[in-house]
Structures are given as C-alpha cells and as structure tokens.
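Undergrad: Here is a sequence with its predicted model. Questions after.
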Amino acid sequence: MIQAVIFDMDGVLIDSEGVYLEYQLEFARTKNPDVKMEQLYPMVGATKKDSWEVLERAVDNGQTWEELRDEFRKKDIYQTIDYKKLYRLEATEVLSQLKADGYRLALASSTHLELVERVLKENGIRSYFEQVISGSQFKRSKPDPEIYLHTAACLGLAPKECLAVEDSTIGITAAYRAGMKIAAIIDERYGFDQSLADYRLSQVKDVLEAVKKA
C-alpha cells in the first residue's frame, strides 16, 4: 500500500525544462552554430555532470564540460527566471489533498538544493514536504536510484510503499531501479521514454487517482 508520494520538481511541479533548454541552446550556438535543440534533449532531468557532458558533445569545440558549465554559470540565468510563472497551479491543490488523505510527501530533484528550496518557498509549498532531497547530495543522481532509495529511507519506508511522480526518462529510470511505483506526467516535447512508468498522467491533478490505484 502506498504511504508516500515523492515528487520530482522540474517538469512536474514547474514547467521549467523548456526554459532552461532555450538558454542552453543559445549558449551552445555561440560555440557551434550548428547545434540543434534535439541534441540537448538528454540534458533534461540529468545531473549537472551528465547534463553538461551532453552539451560538451553537442558543441564539440575542445572545451570540457566543466569549462562550458562554469562559463554558462556566469550568466546566472536562475536569478532572471520567474518561477511563479512556471509553477503548475494545480499542484497546490494536489499536495493539499494528498496531505489531507494521509499521504506523506517528499521531493527528490536533480536540481541543487538552494534553487529547490527557493522554488518551493516562492510558490508557498515548502511546508507540504517532510523531506526535500537534492541530487547534488550524491556522487550519482538520476538515473541512479540512490536519490530515491535515500528519500524512502529518510521517510522510514520501503521503496514499494512510495509512488514517484516523474516526467523524464532519467527520473523514471531512477524510480524504477529503486523499486517504486511510478506516475509519469506526459510530455511529448522532449522525446521521453516513459514505458517504465506504471501510470501516464495528462496533468498533475491525475496523481490523486493514480495514488489510489497504486
């Protein structure tokens, strides 16, 4: 029986992935004008190292992924993004209802902890989550299952007692390897393989039905 719902953040609670990719594509094309958006799709949901290795291969200009990442960071795009505009408003209702129904809530994101905390607080939902876990805490995050195994352990639950809400191939794979039930938010834009998910949902609100079936 499901006791907890563990949410990813980017692509689930906030529709941020396309915004990040536009910035990354713009940057990549300053290095190599021939880079196509499709080449950067594997960056979605990945850890920083894995993500920037994708861009390194796409740019192919001799710079390492660390050099490219450090140069990009100087732009500090995160300070310019309005996360309230990217927030999926129905998520607040979903979190509130899950809490009222007795489910425990956690968040497991590949994004660094400072930004995760900022997004949650700016959208007034930090208090819903017992645990907020960042992939930056681990040597390997998604698709490695460690972040999900750790989150379940922090809740004092077995992975099979948790439903993970994800969107990307990488996140779904991590939850699958951890032995969790998975609800995937359908997103046709980035070529995600969601075949490992137990449920495919049109919107975040559908989590309320999925958790009852899990």
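TA: Thanks, I have it.

Undergrad: Next, work out how far apart the closest residue to residue 177 other than its chain neighbours and residue 7 are.
TA: Of all residues not flanking residue 177 in the chain, residue 145 sits nearest, at 3.8 Å (C-beta to C-beta, 6 or more residues apart in numbering). For every residue, glycine as well, the C-beta is placed using N, CA and C. Residue 145 sits 16 Å away from residue 7, taking C-beta to C-beta, to the nearest Å as the criterion.

Undergrad: Same check on residue 54?
TA: The gap separating residue 54 from residue 7 is 24 Å, by C-beta to C-beta.

Undergrad: The two: who's more crowded?
TA: Higher neighbour count among residue 54 and residue 7: residue 7, with 26 against 19, using other C-beta atoms under 10 Å.

Undergrad: my read: the more buried one touches residue 106, true?
TA: Yes: using C-beta atoms under 8 Å, residue 7 is in contact with residue 106, at 7.4 Å.

Undergrad: joint contacts of those two?
TA: residue 129 (C-beta atoms under 8 Å, 6 or more residues apart in numbering).

Undergrad: Relative to residue 155, how far out is the most far-flung residue of the chain relative to its centre?
TA: Note on the chain: the largest C-alpha distance from the chain mean falls to residue 62, namely 29.2 Å (C-alpha atoms, centre = their mean). Separation of residue 62 from residue 155 (C-beta to C-beta) stands at 45 Å.

Undergrad: Spit out the contact partners of residue 45.
TA: When the contact criterion is C-beta under 8 Å, 6+ apart, the partners of residue 45 are 8, 10-11, 17, 110, 142, 167-171.

Undergrad: And residue 140, what's its pLDDT?
TA: pLDDT for residue 140: 82.

Undergrad: again with residue 48
TA: Looking at residue 48, its pLDDT is 77.

Undergrad: any idea of the pLDDT on residue 100?
TA: On the pLDDT scale, residue 100 is placed at 98.

Undergrad: so how far is the one helix or strand in the chain whose mean pLDDT sits lowest from its chain's centroid?
TA: Every helix and strand of the chain was ranked by mean pLDDT, DSSP states H and E. The lowest is helix 48-59, at a mean of 92. Put simply, helix 48-59 sits 17 Å off its chain's centre (C-alpha atoms, centre = their mean, to the nearest Å).
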